[in-house]
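Peer 1: below are the sequence and a predicted model for it; my questions follow.
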Amino acid sequence: MSDIGKPMIQFVDESQSNEPSSIGSLTGLITNIKDACKEIAGLIERGGTNDLNGVAGSENIQGEVQKKLDIITNDVMVRHLSSTGHLAAMLSEEVEGIIGIPSGMPKGDYLVAFDPLDGSSNIDVNISVGTIFSVLRCPAGITEPTAEDFLQRGTEQVCAGFCVYGPVTMMVVTTGNGVNGFTLDRDLDEFILTHPKMTIPEETAEFAINMSNQRFWEPPVQRYIDECLLGVDGAREKDFNMRWVASMVAEVYRVLTRGGIFMYPLDTKLKTEGGKLRLMYEASPMSFIIEQAGGVSSTGRMRIMAIQPEGLHQRVPVILGSKKEVERLVLYHQERY
């Protein structure tokens with residue numbers, strides 16, 4: 001019997017039935033995240049009429065100018081997650097340190113790292129944005145987590161997902177047993193399963209990269225893109241299409257649904273920072289999802305899921321997507337370095 005149309009939480013609960021220790025608390029935590037994303041979707045839909053768009057006049061820990069909705073959506077996530085009893089602490093792109101659970105509130109067994117509004121620079125031009133999250137176990141015996149407790153490899157994640165706010169609102173989730181996509185049905189006010197067992201094609205004819213950075217790329221990336229651009233007249237003997245949305249959730253969702261390779265590689269402009277995208281709440285959860293869907297995710301030099309984090313807001317290069325394309329670019333790095 002098909003699971004399509006099944007409510008998200010029922011589906012997740014049933015899929016966790018072989019891990020009794022995780023059923024209640026993890027399902028409850030995913031429910032809290034789902035509810036936060038539903039509220040964020042509504043705020044984005046009404047942003048233009050409620051004066052929620054535009055800049056807030058402040059910067060986050062990354063030195064990036066914050067949009068009004070960056071701050072508002074961060075507050076929504078914290079409010080939904082801080083008093084449920086499922087979490088021990090949180091980490092947000094918008095806050096320098098970890099976010100503790102308020103005094104007197106129950107605490108749980110998990111840590112969550114999130115980007116409350118990925119791609120927020122696109123808000124004012126009405127392009128898809130999203131929320132990304134990563135769930136880790138709080139180390140045993142720890143009741144007051146510190147930053148060190150969050151610094152776990154991507155392989156330690158128990159759940160990861162993202163919600164994309166586009167023509168429809170969709171949530172994509174993995175608990176380590178494949179990837180499933182859920183669409184928000186406004187009539188039911190519920191996410192329902194519409195994209196079960198999402199799988200990335202091994203080969204592709206699409207690539208996504210910011211071509212304005214071409215002069216800064218390392219030779220392996222330059223070689224790969226040059227081959228794509230030559231199309232049927234080059235070594236690849238096929239034409240490629242280029243895509244670039246400047247919203248990681250939109251790029252990854254496209255890769256999941258029709259294949260492709262997404263790149264924000266290391267370049268000379270980003271070398272001192274280590275990369276563009278943040279490991280804990282962007283690269284690591286997206287890599288978990290991509291690998292669970294049969295794809296590959298790498299910095300070009302190593303598997304992203306194997307990186308030992310050194311800081312809460314650490315940046316890394318990201319190359320992810322269809323297996324054969326990512327492996328080709330990784331090989332180019334190996335041949336060069």
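Peer 2: Arrived safely. Worth saying up front: this structure is predicted, and the values here are computed from it rather than measured.
Peer 1: which strand or helix spans Glu45?
Peer 2: Using DSSP states H and E, Glu45 sits within helix 23-46.
Peer 1: mind giving me the packing neighbours of that helix?
Peer 2: Identification of packing neighbours for helix 23-46 by 3 or more Cβ pairs under 8 Å, 6 or more residues apart in numbering; DSSP states H and E yields helix 8-15, helix 68-81, strand 110-118, strand 129-137, strand 159-165, strand 169-174. Heads up, the C-betas are built off the backbone N, CA and C, glycines and all.
Peer 1: TSV please, covering these and showing distance to Met248, mean pLDDT and mean neighbour count.
Peer 2: TSV is the format used below for the helices and strands packed on helix 23-46 (distance: least, Cβ to Cβ, whole Å; pLDDT from 0 to 100; neighbours: other Cβ atoms under 10 Å):
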stretch	distance to Met248	mean pLDDT	mean neighbour count
helix 8-15	22	88	18
helix 68-81	15	94	21
strand 110-118	5	97	27
strand 129-137	7	98	26
strand 159-165	8	98	26
strand 169-174	12	98	24
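Peer 1: in the protein, where is pLDDT below threshold?
Peer 2: 1, 17-24, 47-67 (pLDDT under 70).
Peer 1: and the residue lying farthest from the centre of the chain, how far from Phe240?
Peer 2: Going by Cα atoms, centre = their mean, the residue of the chain most distant from its centre is Asp233, 35.5 Å out. Asp233 sits 12 Å away from Phe240, going by Cβ to Cβ, to the nearest Å.
Peer 1: now Thr155
Peer 2: Thr155 is 32 Å from Phe240, by Cβ to Cβ.
Peer 1: could you do Ser247 as well?
Peer 2: 21 Å.
Peer 1: not counting stretch 319-335 itself, show me its contacts.
Peer 2: By Cβ atoms under 8 Å, 6 or more residues apart in numbering, the residues outside stretch 319-335 that reach it are 200-204, 207, 218, 220-221, 223-224, 252, 255, 259-265, 286-287, 290, 294-301, 304.
Peer 1: what is the burial count for Ser247?
Peer 2: Other residues lying near Ser247 total 22 when counted by other Cβ atoms under 10 Å.
Peer 1: surely it meets Val129?
Peer 2: Yes. At 5.8 Å, Ser247 counts as touching Val129 under the criterion of Cβ atoms under 8 Å.
Peer 1: okay, and the common contacts of these two?
Peer 2: With Cβ under 8 Å, 6+ apart as the test, Ser247 and Val129 both reach Asp118, Gly119, Asn122.
Peer 1: how about the second one: what's its closest non-neighbour residue?
Peer 2: What that stands for is Gly119. Closest residue to Gly119 apart from its sequence neighbours, by Cβ to Cβ, 6 or more residues apart in numbering: Ser247 at 3.0 Å.
Peer 1: residues in contact with that neighbour?
Peer 2: With Cβ under 8 Å, 6+ apart, Ser247 has these contacts: Asp118, Gly119, Asn122, Ile127, Ser128, Val129, Gly130.
Peer 1: where does the fourth one land in three-state SS?
Peer 2: For Ile127, the assignment made with DSSP: H, G, I helix; E, B strand; the rest coil gives coil.
Peer 1: where along the stretch 101-250 of the chain do the strands fall?
Peer 2: 110-118, 129-137, 159-165, 169-174, 179-185, 190-195, 206-208, 241-243 (DSSP state E, counting those that start in this stretch).
Peer 1: ok now the first one, how far from the chain's centre?
Peer 2: Here the centre of mass of C-alpha atoms in strand 110-118, compared against the chain's by Cα atoms, centre = their mean, to the nearest Å, lies 9 Å away.
Peer 1: number of nearby residues for the closest residue to Thr299 other than its chain neighbours?
Peer 2: With sequence-adjacent residues excluded and distances taken as Cβ to Cβ, 6+ apart, Thr299 is closest to Pro317, at 4.5 Å. Per other Cβ under 10 Å, the neighbour tally for Pro317 reads 25.
Peer 1: measure Thr131 to Ile98 for me?
Peer 2: Taken as Cβ to Cβ, the span from Thr131 to Ile98 is 18 Å.
Peer 1: do the same with Asp70
Peer 2: Taking Cβ to Cβ, one finds Asp70 at 18 Å from Ile98.
Peer 1: so Gly130 touches Thr169, yeah?
Peer 2: No. Applying Cβ under 8 Å as the test, Gly130 and Thr169 come out as separate, 9.3 Å apart.
Peer 1: need the residues touching each of those two.
Peer 2: Cys163.
Peer 1: what's the domain layout of the protein?
Peer 2: 8-195, 206-336 (automatic domain parsing).
Peer 1: coming back round to it: contacts only, for the residue nearest to Thr299.
Peer 2: Contacts of Pro317 by Cβ under 8 Å, 6+ apart are Tyr264, Pro265, Leu266, Leu270, Gly274, Gly275, Lys276, Leu277, Thr299, Gly300.
Peer 1: count of residues packed around the second one?
Peer 2: As a burial measure, Pro265 scores 26 neighbours (other Cβ under 10 Å).
Peer 1: same deal with Pro220?
Peer 2: 23.
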